[in-house]
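Peer 1: Build me a structure from this.
(one chain, ligands or ions: 1)
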Amino acid sequence: MRSPCCILTRTKTIVLRLSRHALHRRLPHVYSIRCQDLRCFCTDHSQSSKPYYITTPIFYVNASPHIGHVYSAVTADCLHRFKLLQGYNSRFATGTDEHGLKIQQAASNAGKDPLNFCTEVSDSFKHVFQRCGILYTDYIRTTEKRHRQAVEHFWTVLHSKGFIYKGTYEGWYSTPDESFLTPTQVTDKTDSEGRQIKVSTESGHKVEWMKEDNYMFRLSDFRTKLLDWLRLNPNIIQPVNFHHLVLQWLEDDIPDLSVSRQKSRLQWGISVPGDPEQIIYVWLDALVNYLTVVGYPQNHSQWWTAVHHVVGKDILKFHAIYWPAFLLAAGLPLPKTIFVHSHWTVEGKKMSKSLGNVINPLDAMEKFTVDGLRYFLLRQGVPDSDCDYYDDKVIKMCNSELADALGGLLNRCTAPSLNPTQVYPQFCNSCFPKEPSEGLRGKAVSEDYRMVEAVSALPVLVEQHFENLHIYKALEAISTCVRMTNAFVQRQAPWKLDRNNPGDQQWLDTILHVSLECLRMYGILLQPMVPDLADRILSRLGVMPEERSWDSLNFLMKCEGRDCGLEGRALGPDLGVLFNRLERSQGKGRTPKMATQHKSKS
Ligand code: MSP
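Peer 2: All right, here's what the predicted structure looks like:
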């Protein structure tokens, strides 16, 4: 059995070997990922100024925020917090997409002035995000002056370089998707009143035939460049199934793209510079938001080379084809990564107003708490395929993993009955020697070493999962370790030991020390996903804010014969149950209510 130190050394060795191999095969992306693996064990502050820029899509203001929107935002928030944890200088932008036909129609249906209408809904997104702990650094609205100026400049650059020309667009248009579609992208359908209509094959939304004099963008010029870019950088679009999908789309010719609408049809938008009769296509307008946020056209360079987008699968075409083509035309660097996620259905059905199954995130947070909702979305949300949401699933997951496993562990290991002095207990090397074979007085058994080995390896594993946008796998790995730690406590049953017997007392404290060290690791690693819950764990353990960074993931130093700064320090105050068990209320409405967490035997 190896000691934690051996494990760290072994991990580094594997990593270095992989890196050389990757370099040899000229796979720079693999090399850079592996180098990051190493960083978690080094106190390297040189990267503290390294920029990282993450974005969510900007949200249409035609409807109120729902659980799907919150999922995009929580995913990006989690990536942002993870980079902050690692010491990056991370910037995180979100906001609202307020122009276009769809918003114009929504405002008119509501009988409201478009800007007032947009402000109301934009504020409701802001409110939900603040409630949900979305730590954005920038909130952009496309109706802001700074954005109009950025879009006008961007347009002028494309036009002056000859990528925009005046033409006629004739074809299908879907207003709900604000998307132009080719004949192969539409299908026949019979609507609820028995009429034959055409719909978008992908979204199912109704399409209309339109013919207009528009400005056209030379999208077709970029097909080969986009293919080269994606083939040379197989990690740009993640998960990989979406990368393959885009490559497949690019196998066929792509037509030039209409990038404006006649003012007679669309008034709510940004006018084409020099031609007030045309309004800029809402997707060109919206995509430029990512540049506006970082100060385009004057000050964007530093941040722009570090940009990563989180997008839902429905808007992949706009981000993986149109956007890179616009950027290439403007002579700007392309995004580093496009993280794609799938959609949430509710009890097996697509979320829709007409079905009345839209989940309001404020209600969900009220029922399950912010941490409960965030944990469920990130733990259950698999980016590659759609996920189903229903209350019972949230309740079961939160109860078993947060209330029972994690909360139970914290409660047991900090209980005054086991730890009457309420200090971070002493570790005894002879009870838990570095190597299992060392010392005759060792009390730890092989499963205990296996648990320690798993927790030591956790940061590397979590980081790898984050690199691939597999946040759910990172949470699964943490949850597995929590289970192992609970099994360790159960196996060693510290409550059976006698504090008045010096031998027992040393072993009891060692069991608690190891368990609190595990909890400290879980607390630090969980900060990006469930920040409040993680804060409560770390505060109860007496871990200071400056001891919560990636560099503090130095697990069980005492076992290595090194100092543990926490040993002997007073624990933080007991603020009660970590996560209250949730219970379904009886009868209609399926609304769960809070129940108290059951106290452990200890
Ligand atoms: N305004 C555009 C984006 C422009 S970005 C330059 C847009 N807005 S949206 O409000 O319709 O969608 C915003 C995000 O929410 C997208 O990533 C979309 O995939 C996501 N979701 C909308 N419904 C969803 C689910 N049911 N499940 C998960 N995410 C969903 O598109």
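
Peer 1: Every contact and neighbour count from this point should use C-alpha atoms.
Peer 2: OK.

Peer 1: mind showing which ranges of this protein have poor pLDDT?
Peer 2: 1-48, 438-441, 585-602 (pLDDT under 70).

Peer 1: Would you mind pulling the contact partners of the helix ranked longest in it?
Peer 2: Looking across the chain with DSSP state H, the single longest helix is helix 502-526. Surrounding helix 502-526, the residues in contact under the criterion CA atoms under 8 Å, 6 or more residues apart in numbering are 410, 413, 424-428, 431-432, 443, 455, 459, 462, 478, 482, 485, 489, 492, 494, 497-499, 534-535, 537-538, 541, 543, 548-550, 553, 555-556.

Peer 1: Check the burial of whichever residue of the stretch 401-550 of the chain sits closest to the ligand by counting its neighbours.
Peer 2: The minimum distance from the stretch 401-550 of the chain to the ligand, using CA to the nearest ligand atom, falls at Leu469 (14.7 Å). Neighbour count for Leu469, taken as other CA atoms under 10 Å: 22.

Peer 1: Quick check: which element contains it?
Peer 2: Secondary structure here is read from DSSP states H and E; on that basis Leu469 sits in neither a helix nor a strand.

Peer 1: Let me see the backbone angles for it.
Peer 2: The phi/psi pair for Leu469 (degrees, to the nearest 10) reads phi 60, psi 30.

Peer 1: returning to that earlier point: I'd like to know which of the contacts of helix 502-526 are part of strands.
Peer 2: Judged by DSSP state E, strands contain none of those.

Peer 1: Return a PyMOL selection command for the buried portion of those residues.
Peer 2: Applying 16 or more other CA atoms under 10 Å to the contacts of helix 502-526 leaves a buried subset, and the PyMOL line that selects it is:
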select buried, resi 410+413+424+425+426+427+428+431+432+443+455+459+462+478+482+485+489+492+494+497+499+534+535+537+538+541+543+548+549+550+553+555+556
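
Peer 1: quick one: which of the contacts of helix 502-526 sit in helices?
Peer 2: 410, 413, 455, 459, 462, 478, 482, 485, 489, 492, 534-535, 537-538, 541.

Peer 1: what residue lies at the spatial centre of the chain?
Peer 2: Closest to where the C-alpha atoms of the chain average out (CA atoms, centre = their mean) is Thr75, at 1.9 Å.

Peer 1: any idea how far it is from Phe466?
Peer 2: From Thr75 across to Phe466, the span is 11 Å (CA to CA, to the nearest Å).

Peer 1: for Ile164, same thing?
Peer 2: In terms of CA to CA, Ile164 sits 39 Å off from Phe466.

Peer 1: quick one, which of the two is more surrounded?
Peer 2: More crowded of Ile164 and Phe466, by other CA under 10 Å: Ile164, with 22 against 18.

Peer 1: Now the longest helix of the chain: buried residues?
Peer 2: For helix 502-526, by 16+ other CA under 10 Å, it's 504-526.

Peer 1: Stretch 395-406 now?
Peer 2: Result for stretch 395-406 [16+ other CA under 10 Å]: buried residues Ile395, Lys396, Met397, Cys398, Asn399, Glu401, Leu402, Ala403, Asp404, Ala405, Leu406.

Peer 1: OK, now which residue of the stretch 101-250 of the chain is nearest to the ligand?
Peer 2: For the stretch 101-250 of the chain, CA to the nearest ligand atom, closest residue to the ligand: Asp177, 7.5 Å.

Peer 1: which bits of the stretch 301-450 of the chain sit near the ligand?
Peer 2: Applying CA under 6 Å from any ligand atom, one finds that the stretch 301-450 of the chain approaches the ligand through Val311, Gly312, Lys313, Asp314, Ile315, Ser342, His343, Trp344, Thr345, Met351.

Peer 1: again, but for the chain
Peer 2: Counting by CA under 6 Å from any ligand atom, the chain sits next to the ligand at 57-60, 68-69, 72, 97, 286-287, 311-315, 342-345, 351.

Peer 1: at 8 Å what do you get?
Peer 2: 56-61, 65-72, 96-98, 177, 283, 286-290, 310-315, 318-319, 341-345, 350-351, 386 (CA under 8 Å from any ligand atom).

Peer 1: Just the ones in strands from these, please.
Peer 2: Residues of those located in strands (DSSP E): Phe59, Tyr60, Thr96, Asp97, Val310, Val311, Gly312, His341, Trp344, Thr345, Lys350.

Peer 1: Apply the buried test to those residues and list what passes.
Peer 2: Phe59, Tyr60, Thr96, Asp97, Val310, Val311, Gly312, His341, Trp344, Thr345.

Peer 1: So the fourth one is in contact with Tyr60, correct?
Peer 2: Yes. Contact criterion CA atoms under 8 Å: Asp97 and Tyr60 qualify, at 4.8 Å.

Peer 1: burial of Leu250, as a residue count?
Peer 2: Counted with other CA under 10 Å, residues neighbouring Leu250 total 16.

Peer 1: For it, what are phi and psi?
Peer 2: Per degrees, to the nearest 10, the backbone of Leu250 is at phi -80, psi -10.

Peer 1: From what I see, it and Leu227 are in contact.
Peer 2: Yes. Applying CA under 8 Å, one finds Leu250 in contact with Leu227, separated by 6.8 Å.

Peer 1: What's the local residue count around the closest residue to Phe318 other than its chain neighbours?
Peer 2: Spatial nearest neighbour of Phe318, excluding adjacent residues (CA to CA, 6 or more residues apart in numbering): Trp283 at 7.5 Å. Using other CA under 10 Å, Trp283 has 20 neighbouring residues.

Peer 1: and Lys166, which of the three is it?
Peer 2: strand (DSSP: H, G, I helix; E, B strand; the rest coil).

Peer 1: That one: what's it in contact with?
Peer 2: Asp213, Asn214, Tyr215, Met216.

Peer 1: swap the cut-off to 7 Å and go again
Peer 2: Asn214, Tyr215, Met216 (CA atoms under 7 Å, 6 or more residues apart in numbering).

Peer 1: Out of the residues you listed, which is nearest to Lys263?
Peer 2: The shortest approach to Lys263 among the contacts of Lys166 belongs to Asn214, at 10.3 Å (CA to CA).

Peer 1: about what we covered before: so what's the backbone phi/psi at the closest residue to the residue of the stretch 401-550 of the chain closest to the ligand other than its chain neighbours?
Peer 2: Excluding its sequence neighbours, the residue lying closest to Leu469 (CA to CA, 6+ apart) is Phe339, at 6.9 Å. Main-chain dihedrals, Phe339, degrees, to the nearest 10: phi -90, psi 120.

Peer 1: Any idea what Phe339 is bridged to?
Peer 2: Gln238, Val310 (DSSP bridges).

Peer 1: At which residues are the helices of the stretch 51-200 of the chain located?
Peer 2: 67-85, 101-109, 114-131, 145-160 (DSSP state H, counting those that start in this stretch).
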